[in-house]
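Student: 3D, please:
(one chain, ligands or ions: 1)
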Amino acid sequence: MSIDEVRELAGLLRRIGPVLLDFDGPVCGIFAGGRNAAIASHLREVLADHGVSVGEELADDPDPLNVLRYTAHAAPRLLSAVEEALIDEEITAASVAVPTPHAHEAIRVCHAAGRMVVIVSNNSPAAIRTYLEHHQLTDHVRAIVGRAHTRPDLMKPHPDPVHRALGILETAPDACVLVGDSDTDIQVALATGVHPIGYAKRPDRRSQLAEAGAEVVVDSMETFAAAVRAASPLLS
Ligand SMILES: [Mg+2]
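Tutor: Below is the predicted model of the structure:
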């Protein structure tokens, strides 16, 4: 954990309030350990059962969200079936997902500091709810904004999830940060006027998130938790 990073992030957090928090990455690895590829294969099987075979470019794609996107434009009549299959798999994955180190601490510190947290994710709301309940975090989160049912076109970097979160919070975008591990998180934050914070789960991601436009990049949620603590007079 870098003290300079804590100081820099605390300086930003002192000027803003709520935290929009991506789920897969900064909170847990819902698709870690090869689970993403297994779920993507399962979704391709659902399509195959209905006589739809994906093109070559998607045949080995390990990202189930890409299969969902593909279904929306290539086989819209099957979108509901694929969405439901994905939700079932995500709920199972969420119930065994390994927490990101210090992620729960970060959520609890925000709650203790009176700083609202909204999960803003491309995962299904049911899976996120399952995870939060499993870890007794439900009461620490103001709201869950997950993937809109059968509307993969509205997933981040589409601004819809961020706009929904801001509507729930009744807050101006520049009063919030969005913490995410993907370039698309940074893109949607910039597009909506929310302050983008990168979470680099691997060292090589740091420069990529910075290049995407993250104001601050942290390599551990411990840094984020420490910055929230430092920015909160009630806790220091
Ligand atoms: Mg993520």
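Student: what's the closest non-adjacent residue to the residue of the chain found nearest the ion?
Tutor: Ranked by C-beta to the ion, the top residue of the chain for proximity to the ion is residue 25, at 3.4 Å. Heads up, the C-betas are built off the backbone N, CA and C, glycines and all. Excluding the flanking residues, the one nearest residue 25 by C-beta to C-beta, 6 or more residues apart in numbering is residue 181, at 3.2 Å.
Student: contacts for the helix or strand harbouring residue 108 next, please.
Tutor: Using DSSP states H and E, residue 108 sits within helix 103-112. The contact list for helix 103-112, computed with C-beta atoms under 8 Å, 6 or more residues apart in numbering, reads 19, 21, 26-28, 116-117, 135, 137, 139-141, 221-222, 224-225, 228-229, 232, 234-235.
Student: still on that earlier bit, need the contact list for the residue of the chain closest to the ion.
Tutor: Taking C-beta under 8 Å, 6+ apart as the test, what residue 25 contacts is 100, 180, 181, 182, 199, 201.
Student: any weak-confidence spans in this protein?
Tutor: Applying pLDDT under 70 to the chain flags the ranges 236.
Student: can you rerun that using 80?
Tutor: For the chain, residues meeting the criterion pLDDT under 80 lie at 1, 234-236.
Student: mind listing which of the contacts of helix 103-112 are in strands?
Tutor: Judged by DSSP state E, the subset of the contacts of helix 103-112 located in strands is 19, 21, 28, 117.
Student: I'd say the second one and residue 119 touch.
Tutor: To tie it back to what came earlier, the one meant is residue 21. Yes: in terms of C-beta atoms under 8 Å, residue 21 counts as a neighbour of residue 119; the distance is 5.5 Å.
Student: which neighbours do the two share?
Tutor: residue 27.
Student: follow-up on the earlier one: turn the contacts of residue 25 into a markdown table, including secondary structure and neighbour count.
Tutor: Formatted as a markdown table, those follow (DSSP: H, G, I helix; E, B strand; the rest coil; neighbours: other C-beta atoms under 10 Å):
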| residue | secondary structure | neighbour count |
| --- | --- | --- |
| 100 | coil | 21 |
| 180 | strand | 29 |
| 181 | coil | 22 |
| 182 | coil | 20 |
| 199 | strand | 28 |
| 201 | coil | 18 |
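Student: and those residues, which is closest to residue 152?
Tutor: residue 182 (15.3 Å; C-beta to C-beta).
Student: tell me which two in the ones in strands among the contacts of helix 103-112 are the farthest apart.
Tutor: So, the ones in strands among the contacts of helix 103-112 by C-beta to C-beta: farthest apart are 19 and 28, at 16.2 Å.
Student: between those two, which is the more surrounded one?
Tutor: When residue 19 and residue 28 are compared for neighbours, residue 19 comes out ahead with 25 against 22, by other C-beta atoms under 10 Å.
Student: for that one, which residues are in contact?
Tutor: Neighbours of residue 19 in contact, by C-beta under 8 Å, 6+ apart: 110, 115, 116, 117, 118, 176, 177, 178, 179, 228.
Student: what about the first one, neighbour count?
Tutor: The reference is to residue 110. 24.
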